[in-house]
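Novice: Requesting a structural model of the entry that follows:
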Amino acid sequence: MTARTTAWGAYRGLAVAIRARITDGEFPPGSTLPSEAALCRHYEVSRNTVRRALDELATEGLLIAQPGRGRVVLSGTEPRLGVLPQYRSMATDLRALIETGELAPGDPLPSESTLAERYGVARGTVRHALAELEGAGLIASVHGKGRFVQRR
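Specialist: Model prediction:
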């Protein structure tokens with residue numbers, strides 16, 4: 001991909017270019033992609049454009065964001081969270097733990113950073129999932145203490 005001629009759809013072209021580099025073996029499974037800043041410089045696009053392209057590739061299952069490591073290319077054999085948005089899959093998993101009693105009323109939930117590492121997502125994604133559970137009345141946040149399973 002060369003420098004964009006228009007901002008509209010620039011991320012799609014970038015996704016095509018990065019996808020080609022992955023399928024051509026330049027970025028083999030298990031390798032880490034260059035940083036967002038490096039991709040911005042290389043393709044002469046904004047960080048938002050890079051993020052949208054990388055998000056598209058993550059949705060396709062080509063890569064995953066790993067805290068402290070960056071975006072890692074997947075081989076296609078790793079377990080996927082499914083076609084649901086990542087926050088929704090997380091919320092569904094946590095809801096199941098609550099409903100089966102594995103997380104009982106009053107039990108603390110793992111920290112945001114622990115959940116982010118476990119699911120391979122950003123903390124913002126974790127917060128979105130937790131907000132969904134709070135909205136459903138399944139968990140409650142106690143300022144300075146963490147989040148806990150609600151008593152039903």
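Novice: Run through the residues that contact the most centrally placed residue in the chain.
Specialist: By CA atoms, centre = their mean, the chain has its centre lying nearest to residue 121, at 3.4 Å. Each residue near residue 121 by CB atoms under 8 Å, 6 or more residues apart in numbering is listed here: 65, 86-87, 90. Just so you know, the C-beta spots here come from the backbone N, C-alpha and C atoms, and that holds for glycine as well.
Novice: 6 Å - rerun?
Specialist: Going by CB atoms under 6 Å, 6 or more residues apart in numbering, residue 121 touches residue 86.
Novice: give me the number of residues near residue 120?
Specialist: As a burial measure, residue 120 scores 18 neighbours (other CB atoms under 10 Å).
Novice: what about the spatially closest residue to residue 60 that is not a sequence neighbour, neighbour count?
Specialist: Distances taken as CB to CB, 6 or more residues apart in numbering put residue 19 closest to residue 60, at 7.9 Å, once the chain neighbours are dropped. Burial of residue 19 is recorded as 17 neighbouring residues (other CB under 10 Å).
Novice: now residue 113
Specialist: Residue 113 - counted by other CB under 10 Å - has 11 other residues nearby.
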